[in-house]
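1. 3D, please:
(one chain, ligands or ions: 1)
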Amino acid sequence: MNKKIIITIDGWSSCGKSTLAKQLAKELGYVYIDSGAMYRAITLYFLRNHIDWTDSNEVNEALGNISIEFEFNEKSQQSEIILNDENVEYVIRDLVIAEKVSDVAAIKEVRTFAVAQQQKMGDKKGVVMDGRDIGTTVFPDAELKIFMTADIAVRVARRFKEMFKKNPNTTIEEVQHNLEMRDYIDSHREVSPLRKADDAIEIDNTHLTMPEQLDIALKLTRKFI
Ligand code: DC
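-> Sure thing, here's the model as predicted:
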């Protein structure tokens, strides 16, 4: 039996973190956790319930009414996010959420709430979690930390393709603006900003295919299990 470890994958928006994390988890028989989905679900709840997130009392009260779980969907063959018993996996990918999520994710109370749950999800190890602060704050002692990056033009093109499929009115300019804005807010916020952990290994996938990046990550993983 192989030793179970924790693998963290952090990096900029839309550089293929979740694609790699899902494939890696599948290969290893690990659980994949999309920490960004949690911030997106909280943002959805705040928007739907007209929460004024500049008011910490309102934020704390709202967080008390939020329950987040992940459930494996046999049909889609992936774990999906459940917000207060509702599957919100699809709606949280909307640009309306993407436009607000970095502001919500910068709130201290929101991060404390999400990080505590993320740490609990990793207590049995055998987890691949992707996000922005997983290797620095959530699991600073993780055995393997990956930091992903890719050229902005490549990231915009990838995200545009994804968003256009869902909504043909999406423009490349709005996708680029959204990615740049999120990268800026995520890396400049006060509480656990996006940064490469000192012991993280960087993968730049600008010129890599998906099988190539998976191969690199699997080789790295084998050093630890
Ligand atoms: O990975 P994603 O694009 O779904 O994440 C959405 C937003 O959530 C991202 O812009 C920043 C925030 N986030 C974060 O602050 N910390 C994480 N661990 C994951 C995501």
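2. what does this structure put close to the ligand?
-> 13, 35-36, 39-40, 101-102, 105, 131-134, 182, 186 (CB under 6 Å from any ligand atom). The way it works is simple: take the backbone N, C-alpha and C, and place the C-beta from them, glycine included.
3. isn't there a helix covering Thr43?
-> Yes. Under the criterion used here (DSSP: H, G, I helix; E, B strand; the rest coil), Thr43 sits inside a helix.
4. picking up where we left off before, among the residues of the chain next to the ligand, name the ones in helices.
-> Secondary structure from DSSP state H places 35-36, 39-40, 101-102, 105, 182, 186 of the residues of the chain next to the ligand in helices.
5. With pLDDT and neighbour count as added columns, please give those residues in JSON lines.
-> Supplementary listing: these in JSON lines, determined by pLDDT from 0 to 100; neighbours: other CB atoms under 10 Å:
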{"residue": "Ser35", "pLDDT": "98", "neighbour count": "25"}
{"residue": "Gly36", "pLDDT": "98", "neighbour count": "20"}
{"residue": "Tyr39", "pLDDT": "98", "neighbour count": "25"}
{"residue": "Arg40", "pLDDT": "98", "neighbour count": "25"}
{"residue": "Val101", "pLDDT": "98", "neighbour count": "25"}
{"residue": "Ser102", "pLDDT": "97", "neighbour count": "23"}
{"residue": "Ala105", "pLDDT": "98", "neighbour count": "27"}
{"residue": "Arg182", "pLDDT": "96", "neighbour count": "21"}
{"residue": "Asp186", "pLDDT": "96", "neighbour count": "23"}
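6. Out of these, flag the one nearest to the ligand.
-> Distances from those to the ligand were compared by CB to the nearest ligand atom; the smallest belongs to Gly36, at 2.5 Å.
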